[in-house]
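**Student:** What follows is a predicted structure for the sequence shown.
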Amino acid sequence: MRNPKLAPLILFVLLVTLVACAPAVSSPSLISTETAPASPSSTEIPLTPTPTTSPRSKVIIISEGNPWEDRVITWIRERTTSQGWEIEVQSNAQINAGDSSTALVVLLSSTFDVNALVAQHPDLPFIFIANAPLPESPNLTQVLLRDDHLYFLAGYLAVLIAPDFRAGALLPGDADTTAQAFRNGAFYLCGRCVPAYGPIVTFPVSASLTPNATADTLQTTLADLNKNRLETLFVPADLLIPDYLPVLESTGWRLLGTALPQKPPSNWAVTVTFDLEQGLETAWQAALIEKQATTITVPITLKDINAQWLTPGRQRLAEQVIKDLQAGWVYPLTPP
């Protein structure tokens, strides 16, 4: 017997089954028939090259046989080796204003109007090396080699290493200022430098000699000096010529000077000279790096020291005098 209530239920299940199994109706896709506009072609725009200037890489040295020329050239060459700079040495004061490769001009001569030359090239740094200063200029760095400092220390050292203060000097004939500085340096150490033993004279003593004098003239001059029984003699660089060296060595005196000869005598005690390389480095920094003009006093240095005569203790005394000279505490031309 059939159950009449099951018929509607069976019919509902069949309908649901038919709907689930029916295939899905896909919606039509929209396809554009319009052609996309072509992208504009990329056109290269020519670039105008930016004008450039060649780097400054040349140093001009103007010199007329200055005695410091070789040391200056050597130092600048070593300073610029890695950069490959060019060094041009000339005796005239002509500078090509159109040459943009010049980085620095070093002046070792003052026979022309230095300030006028510096003023003609306001964008070019100059380093001026001399014994006396010039009027200041914003592009002029000055390196001063104070001869009065050098001779003051030479006089101090001459009596410092001489037994019984018995020191002397050979000086050029026109060396009045430097001779005074030499004597003041000696007096700075010992006041009245009077020996304990005869002959009793006030040291230091000195004699004038010209570089063109003969060796016989030198021999006569040294004999006159030795009447005072010398132990030490100072000889500046311009009198340390080869013909004089055998005569100077034969004296047996302790010799000191401002330059060491190529063949130094066996009785050489010490070289008193300028520390030019230190002064050049300071000037280089000021002129090219800091671009600030200044005036530099080159310090003095001691080289070729015979420690038997200039002992470490005496050397410390001399180095203190160097510091005082550099600091301006000692006036070389004022008697102590």
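**Tutor:** Ah, there it is. Residues are numbered from 1 along each chain as shown.

**Student:** residue ranges with poor pLDDT in this protein?
**Tutor:** Along the chain, segments meeting pLDDT under 70 span 1-54.

**Student:** Domain ranges for it, per the record?
**Tutor:** By the assignment in automatic domain parsing, the chain contains the domains 58-144, 147-273+300-327.

**Student:** Can you check the distance spanned by the shortest one, start to finish?
**Tutor:** Between the opening and closing residues of domain 58-144 lies a distance of 23 Å (CA to CA, to the nearest Å).

**Student:** Could you measure from residue 279 over to residue 252?
**Tutor:** Counting by CB to CB, to the nearest Å, the gap from residue 279 to residue 252 is 35 Å. C-beta coordinates here come from the backbone N, C-alpha and C atoms, glycine included.

**Student:** Revised request: answer the last question for residue 175.
**Tutor:** Going from residue 175 to residue 252 by CB to CB gives 25 Å.

**Student:** These two: which is more packed in?
**Tutor:** Taking other CB atoms under 10 Å, residue 175 and residue 252 do not tie; residue 175 has more neighbours (19 against 12).

**Student:** rewinding a little: and the domains of the chain, which is most packed in?
**Tutor:** domain 147-273+300-327 (a mean of 18; mean count of other CB atoms under 10 Å).

**Student:** start to end distance for that domain?
**Tutor:** 16 Å.

**Student:** Could you do stretch 84-104 as well?
**Tutor:** Stretch 84-104 end-to-end distance (CA to CA) = 14 Å.

**Student:** picking up where we left off before, distance to residue 335 added to the domains of the chain, as CSV?
**Tutor:** Listed next are the domains of the chain as CSV, based on distance: least, CB to CB, whole Å:
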stretch, distance to residue 335
domain 58-144, 22
domain 147-273+300-327, 6
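
**Student:** Looking at the ones you listed, which is nearest to residue 286?
**Tutor:** domain 58-144 (5.1 Å; CB to CB).

**Student:** Now do residue 271 against residue 170, distance only.
**Tutor:** To residue 170, residue 271 is 16 Å away according to CB to CB.

**Student:** ugh, wrong one, I meant residue 310
**Tutor:** For residue 310 relative to residue 170 (CB to CB), the value is 20 Å.

**Student:** Any idea which of the domains of the chain gets closest to residue 290?
**Tutor:** Nearest to residue 290, of these and by CB to CB, is domain 58-144 at 9.7 Å.

**Student:** what bridges to the nearest residue to residue 204 once chain neighbours are set aside?
**Tutor:** Counting by CB to CB, 6 or more residues apart in numbering, residue 204 lies nearest to residue 167, which is 4.3 Å off, once chain neighbours are set aside. With beta bridges defined as DSSP bridges, residue 167 has these partners: residue 232.

**Student:** which residue ranges form the helices in this structure?
**Tutor:** Assigned by DSSP state H, the helices in the chain fall at 6-21, 69-80, 114-120, 147-160, 176-190, 215-225, 245-251, 276-284, 312-327.

**Student:** Export those helices as CSV, with columns for distance to residue 86.
**Tutor:** Shown next, in CSV, are those (distance: least, CB to CB, whole Å):
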stretch, distance to residue 86
helix 6-21, 97
helix 69-80, 9
helix 114-120, 20
helix 147-160, 32
helix 176-190, 37
helix 215-225, 43
helix 245-251, 38
helix 276-284, 16
helix 312-327, 34
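
**Student:** looking at these, which is closest to residue 257?
**Tutor:** helix 147-160 (8.2 Å).

**Student:** which secondary structure elements does that closest one contact?
**Tutor:** strand 167-171, helix 176-190, strand 232-235, strand 254-257, strand 268-274, strand 300-303, helix 312-327 (3 or more CB pairs under 8 Å, 6 or more residues apart in numbering; DSSP states H and E).
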